[in-house]
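Engineer: Need coordinates for the following:
(one chain, ligands or ions: 1)
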Amino acid sequence: MTDIPESHPRYASLVARERVAQGVKKGYTSSQGLIAQGRGECFDYLLGERTTASAEAATTAAAALLLMAARPALSVNGNVAALVAEEMVALADALAIPLEVNLFHRSEERVKKIADLLREKGAKEVLGEKPDASVPGLDHARALATRGGIYDADVVLIPLEDGDRCEALVAMGKKVIAIDLNPLSRTARKATVSIVDNILRAVPHLTEQVRRLSDVQRADLERMVQEYDNEKVLRQATAEIRDHLERQFLP
Ligand code: PTJ
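Structural biologist: Predicted coordinates:
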């Protein structure tokens with residue numbers, strides 16, 4: 001790995017980039033994942049590389065949804081594995097559910113490498129190596145799903161995805177939580193709850209909220225979800241970008 005000094009003004013961003021590059025070298029991240037990371041970096045820069053108020057609101061609603069779910073599921077792809085493998089294991093632990101590997105640029109070798117990495121980080125159960133069902137309406141490998149996992153889930157977390165599986169999962173009647181730094185993406189607009197934040201900040205924060213809300217009464221969780229308005233949150237996220245840019249660069 002390139003030795004990046006902690007004093008570098010772009011330290012966190014450069015370390016994240018390095019982790020995705022390592023993921024490609026080790027074979028669990030696709031080369032296309034580098035492009036996705038570049039896009040994410042750009043949006044994070046526009047946001048001011050911070051967790052905004054809109055992301056806080058979305059994260060709380062997402063935690064409430066996951067806690068209320070009868071069968072929640074957590075999807076992991078190559079970029080998620082490179083950036084937050086350990087943190088996804090902690091989230092799965094907090095909810096006492098498995099993780100499921102699901103890839104767009106699928107190869108069986110990459111699925112196995114990601115599943116092995118998650119197990120190495122302490123995952124108790126990893127699904128996705130033997131998919132036995134297919135999400136209707138998708139013509140690519142991302143359709144592959146596991147019964148007892150994403151296929152039967154009522155709430156699915158899909159970090160860093162393109163929009164069509166999000167739409168297809170919503171069409172199956174599922175509630176979908178996206179983590180996507182682009183508030184304008186199809187995924188962000190189609191999801192039930194969109195967390196517009198860097199996955200590096202979003203996943204630990206989501207786990208913290210799941211733990212914090214775990215003793216809250218169901219009626220109160222329901223109220224949190226009912227009061228949540230994803231369109232309003234995405235408008236707020238774009239306003240947060242504009243405000244940050246004006247304050248920072250055009251004072
Ligand atoms: O491992 P695979 O084969 O399943 O492929 C994974 C990628 C990410 C390559 C695949 O899902 C893909 O091509 O995704 P897209 O269409 O590039 O969308 C990824 C979205 O995630 C974009 O809107 C990015 O802005 C966003 N994004 C990228 N990095 C981050 C991010 N959002 C949050 N945190 C990030 N670090």
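Engineer: C-alpha from now on. contacts and neighbour counts both.
Structural biologist: Will do.
Engineer: residues in the stretch 51-200 of the chain within reach of the ligand, list them.
Structural biologist: 77-79, 103-106, 160-162, 179-182, 185, 197-199 (C-alpha under 6 Å from any ligand atom).
Engineer: Try it again at 8 Å.
Structural biologist: When proximity is defined by C-alpha under 8 Å from any ligand atom, the stretch 51-200 of the chain lies next to the ligand at 76-80, 83, 102-106, 142, 159-163, 179-183, 185, 187, 196-200.
Engineer: Sitting in strands, which of these do you find?
Structural biologist: 76, 159, 179 (DSSP state E).
Engineer: any idea which of the residues you listed is closest to the ligand?
Structural biologist: Distance to the ligand, by C-alpha to the nearest ligand atom, is smallest for residue 179 among these, at 5.6 Å.
Engineer: Now do the strands in the stretch 51-200 of the chain.
Structural biologist: In the stretch 51-200 of the chain, the strands defined using DSSP state E, counting those that start in this stretch lie at 72-76, 99-101, 126-127, 133-134, 144-145, 155-159, 175-179, 193-195.
Engineer: Mean neighbour count and mean pLDDT added to the ones you listed, as JSON lines?
Structural biologist: Listed next are the strands of the stretch 51-200 of the chain as JSON lines, based on neighbours: other C-alpha atoms under 10 Å; pLDDT from 0 to 100:
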{"stretch": "strand 72-76", "mean neighbour count": "26", "mean pLDDT": "98"}
{"stretch": "strand 99-101", "mean neighbour count": "27", "mean pLDDT": "98"}
{"stretch": "strand 126-127", "mean neighbour count": "20", "mean pLDDT": "98"}
{"stretch": "strand 133-134", "mean neighbour count": "16", "mean pLDDT": "98"}
{"stretch": "strand 144-145", "mean neighbour count": "24", "mean pLDDT": "98"}
{"stretch": "strand 155-159", "mean neighbour count": "25", "mean pLDDT": "98"}
{"stretch": "strand 175-179", "mean neighbour count": "26", "mean pLDDT": "98"}
{"stretch": "strand 193-195", "mean neighbour count": "32", "mean pLDDT": "98"}
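Engineer: so where's the stretch 51-200 of the chain shaky on pLDDT?
Structural biologist: Within the stretch 51-200 of the chain, no stretch has pLDDT under 70.
Engineer: which residues in it form helices?
Structural biologist: 53-68, 78-95, 108-120, 163-171, 186-190, 199-213 (DSSP state H, counting those that start in this stretch).
Engineer: what's next to the last one, contact-wise?
Structural biologist: For helix 199-213, the external contacting residues (C-alpha atoms under 8 Å, 6 or more residues apart in numbering) are 51, 59-60, 62-64, 66-67, 80, 83-84, 87-88, 90-91, 94-95, 159, 179-180, 195.
Engineer: same thing but 6 Å
Structural biologist: With contact meaning C-alpha atoms under 6 Å, 6 or more residues apart in numbering, helix 199-213 is reached by 59, 63, 91.
Engineer: Look at the closest residue to residue 15 other than its chain neighbours and report its pLDDT.
Structural biologist: Distances taken as C-alpha to C-alpha, 6 or more residues apart in numbering place residue 4 nearest to residue 15, at 7.3 Å, with adjacent residues excluded. pLDDT, residue 4: 83.
Engineer: Please identify which helix or strand holds residue 4.
Structural biologist: Residue 4 is located outside every helix and strand, with elements delineated by DSSP states H and E.
Engineer: swap in the one 3 residues further on?
Structural biologist: Residue 7 is part of no helix or strand, with elements assigned from DSSP H and E.
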